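> For reference, the sequence and a predicted model appear below.
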Amino acid sequence: MEEEKKNIEAVEETAEKIEPAAVDKPAEKKEDREGIVEFTRPYTFEGQTYTEVDLSGVENLTIGDAIEAQSKLDQITQVTAATTTEFATIIAQKATGLPIEFFKFSPIPVARKIRTTILGMLADKDGSDKHVIKFDKPYTFDGQTYTELDLNGLADLTCMNMSEAENRLVREGYGIIDPTKNYLYVCIMASAATGKSEDFIKGLPIGELFKLVNEVGSDDFLE
């Protein structure tokens with residue numbers, strides 16, 4: 001019995017020396033980090049070779065950045081801006097700080113991955129509840145923090161609001177083939193519906209963009 005007791009104590013003493021940190025943990029994979037685009041083949045630009053590009057900076061962009069990016073497209077392309085390679089290229093440049101040429105001269109597989117990744121980051125994953133947008137993260141503007149935006153006021157807008165917004169687009173050089181797909185138009189209408197300033201709407205994270213687009217173009221407000 002005495003010998004058995006010593007063996008048990010020896011095992012317990014050994015166990016105490018094993019620290020949790022010594023247990024191997026699976027390494028974090030780059031593809032598990034949102035916004036990291038890995039290249040199938042290395043891409044060389046201006047003498048430097050890249051195997052990936054980090055697009056996580058998209059989260060720091062605003063609706064104002066999307067408006068600016070859309071304004072650089074031709075009037076036809078503006079209607080489907082978010083799905084175009086050119087829009088994705090401009091957003092990627094803003095998010096990374098890399099030269100725009102880095103993206104323009106990238107191989108087609110790289111360009112496709114970048115476009116797909118950005119589309120995924122901007123997608124409206126949560127929608128809204130009774131036309132109240134729930135923000136992905138709290139939004140602070142002029143010292144006040146907001147967690148949602150009530151767009152039910154869109155139902156009270158009139159033809160005059162639509163005309164004023166469309167005239168604004170014309171003055172600023174936009175096409176008005178489908179104004180509800182124009183991000184500046186969406187900003188103007190959301191501002192009118194909520195009583196919030198355009199700067200408030202433009203300052204929202206770019207990830208909230210398609211929630212606004214979907215609400216302004218909602219059939220509920222068009223019937």
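Thanks, I have the structure now. Numbering: from 1, shown residues only.

> can you list contacts of stretch 194-202?
By Cβ atoms under 8 Å, 6 or more residues apart in numbering, the residues outside stretch 194-202 that reach it are 62-64, 67, 141, 149-151, 153, 187-188, 190-191, 212. All C-beta atoms are positioned from the backbone trio N, CA, C, and that covers glycine.

> Likewise for stretch 122-132?
Contacts for stretch 122-132 (Cβ under 8 Å, 6+ apart): 58, 82, 134, 136, 148-152, 154, 206-207, 209-211, 213-215, 218, 220.

> Where helices are concerned, which of these count?
Secondary structure from DSSP state H places 209-211, 213-215 of the contacts of stretch 122-132 in helices.

> All the strands of the protein, in order from the start?
Ranges of strands within the chain are 36-45, 48-54, 128-129, 132-141, 144-150, based on DSSP state E.

> how far off strand 144-150 does the fourth one point, in degrees?
Computed with axes from the mean of the first three to the mean of the last three Cα atoms, to 10 degrees, the direction of strand 132-141 lies at 160 degrees from that of strand 144-150.

> Take strand 132-141, keep the C-alpha atoms, and write them as PDB.
Taking Å, rounded to 0.1, in the frame of the first residue of the first chain, the C-alpha atoms of strand 132-141 are listed here in PDB:
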ATOM      1  CA  VAL A 132     -35.400  49.700 -38.600                       C
ATOM      2  CA  ILE A 133     -31.800  49.000 -39.400                       C
ATOM      3  CA  LYS A 134     -29.700  47.400 -36.700                       C
ATOM      4  CA  PHE A 135     -26.100  48.500 -36.900                       C
ATOM      5  CA  ASP A 136     -23.400  45.800 -36.900                       C
ATOM      6  CA  LYS A 137     -21.500  47.900 -34.400                       C
ATOM      7  CA  PRO A 138     -22.500  51.000 -32.300                       C
ATOM      8  CA  TYR A 139     -22.000  54.200 -34.400                       C
ATOM      9  CA  THR A 140     -20.800  57.400 -32.800                       C
ATOM     10  CA  PHE A 141     -21.600  60.700 -34.400                       C
END
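
> report the angle between the axes of that strand and helix 209-216?
Using the same axes, to 10 degrees: strand 132-141 against helix 209-216 is 130 degrees.

> related to what we said a few turns ago, which of the ones in helices among the contacts of stretch 122-132 tops the neighbour count?
Most neighbours among those, by other Cβ atoms under 10 Å: residue 215, with 25 neighbours.

> Relative to residue 139, how far out is the nearest residue to that residue once chain neighbours are set aside?
Distance criterion Cβ to Cβ, 6 or more residues apart in numbering; nearest residue to residue 215, sequence neighbours excluded, is residue 151 at 4.7 Å. Separation of residue 151 from residue 139 (Cβ to Cβ, to the nearest Å) stands at 15 Å.

> more crowded one of those two?
residue 151 (23 against 17).

> Neighbours of the nearest residue to residue 90 once chain neighbours are set aside, how many?
In space, and not counting its chain neighbours, residue 90 is closest to residue 69: 4.1 Å by Cβ to Cβ, 6+ apart. When counting by other Cβ under 10 Å, one arrives at 24 neighbours for residue 69.

> Check whether residue 69 really touches residue 87, as I assumed.
Yes - using Cβ atoms under 8 Å, residue 69 is in contact with residue 87, at 5.6 Å.

> Now for those two: what residues contact both?
In contact with both residue 69 and residue 87: residue 81, using Cβ under 8 Å, 6+ apart.

> Now for residue 220: which residues touch it?
Going by Cβ under 8 Å, 6+ apart, residue 220 touches 131, 155.
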